[in-house]
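1. Give me coordinates for this.
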Amino acid sequence: MALLNIVTYPDPFLKTTTRPVKDINGDLQQLINDMAETMYAAPGIGLAATQVGIDLSLLIYDIAPRENGTDLRVLINPRIIEAEGDVVSENEGCLSVPDYTADVKRSERVLVECVDREGRPQRIEVDDMHSIVLQHEIDHLNGVLFIDRISSLKRGLYKRRIQKKAREKK
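-> Numbers count the residues shown, from 1 in each chain. Below you'll find the predicted structure:
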């Protein structure tokens, strides 16, 4: 297994819309394992393939409390087919948008269709934190960052902060 580099904002690759996974093979299984190692090391609770520079419709997540061990979930070609209710995800953050959190309006409940890492079709109906994580990661697969879902004022403040950091590095 290997740690992968996490792509961070403002890298334009994060705006990439992913391609469907067509073949679940050994290379894909290795990518899943490497993504898991990267996510746990970061540490994070979710990671989409675009966040490690791969334009495939693949995400992983683990929302189990760490003291209970791990519960890695793998979703291939996921899509939200139903969403209902509204909830505010407080202090939502992202490994690709370091050092920033914001309140984000999300659907309270979602129904997702996908296949698992063995290629078995899945329908996952979730709410609360589980729903927020899936929406966040599926957004990545569609080239959407959580900062795209906040007010333009807050987004602008974050962008200026990133630009200032970039100038200071030069």
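2. Please save the CA atoms from the lengthiest strand in the chain in PDB.
-> Across the chain, the longest stretch assigned as strand under DSSP state E is strand 73-84. Taking C-alpha atoms only, strand 73-84 is exported to PDB below (Å, rounded to 0.1, in the frame of the first residue of the first chain):
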ATOM      1  CA  ARG A  73     -17.200   1.500   2.900                       C
ATOM      2  CA  VAL A  74     -16.500   1.500  -0.900                       C
ATOM      3  CA  LEU A  75     -18.900   3.000  -3.400                       C
ATOM      4  CA  ILE A  76     -18.300   2.600  -7.100                       C
ATOM      5  CA  ASN A  77     -20.300   4.700  -9.600                       C
ATOM      6  CA  PRO A  78     -22.500   6.100  -6.800                       C
ATOM      7  CA  ARG A  79     -25.500   8.300  -7.600                       C
ATOM      8  CA  ILE A  80     -28.100   9.900  -5.500                       C
ATOM      9  CA  ILE A  81     -31.500   8.800  -6.700                       C
ATOM     10  CA  GLU A  82     -33.600  10.300  -3.900                       C
ATOM     11  CA  ALA A  83     -33.100  13.200  -1.500                       C
ATOM     12  CA  GLU A  84     -35.400  14.700   1.000                       C
END
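3. Now do the buried residues in it.
-> For strand 73-84, the buried set under the neighbour-count rule, 16 or more other C-beta atoms under 10 Å, comprises 73-78, 80. Where C-beta positions appear, they are placed from N, C-alpha and C, glycine not excepted.
4. Just give me the residue right at the centre of the protein.
-> Compute the mean C-alpha point of the chain, and by C-alpha atoms, centre = their mean the closest residue is Glu137, 2.8 Å away.
5. helix or strand for it, which one?
-> Element membership for Glu137 (DSSP states H and E) is helix 128-141.
6. From Ala41, how far out is Ile138?
-> Taking C-beta to C-beta, to the nearest Å as the measure, Ile138 falls 23 Å from Ala41.
7. Between the two, point out the one with more neighbours.
-> Ile138 (21 against 11; other C-beta atoms under 10 Å).
8. surely that one meets Asn77?
-> No. Ile138 lies out of contact with Asn77 (C-beta atoms under 8 Å); the separation is 10.5 Å.
9. ok so, going back, in the helix holding Glu137, what's buried?
-> Result for helix 128-141 [16+ other C-beta under 10 Å]: buried residues 130-141.
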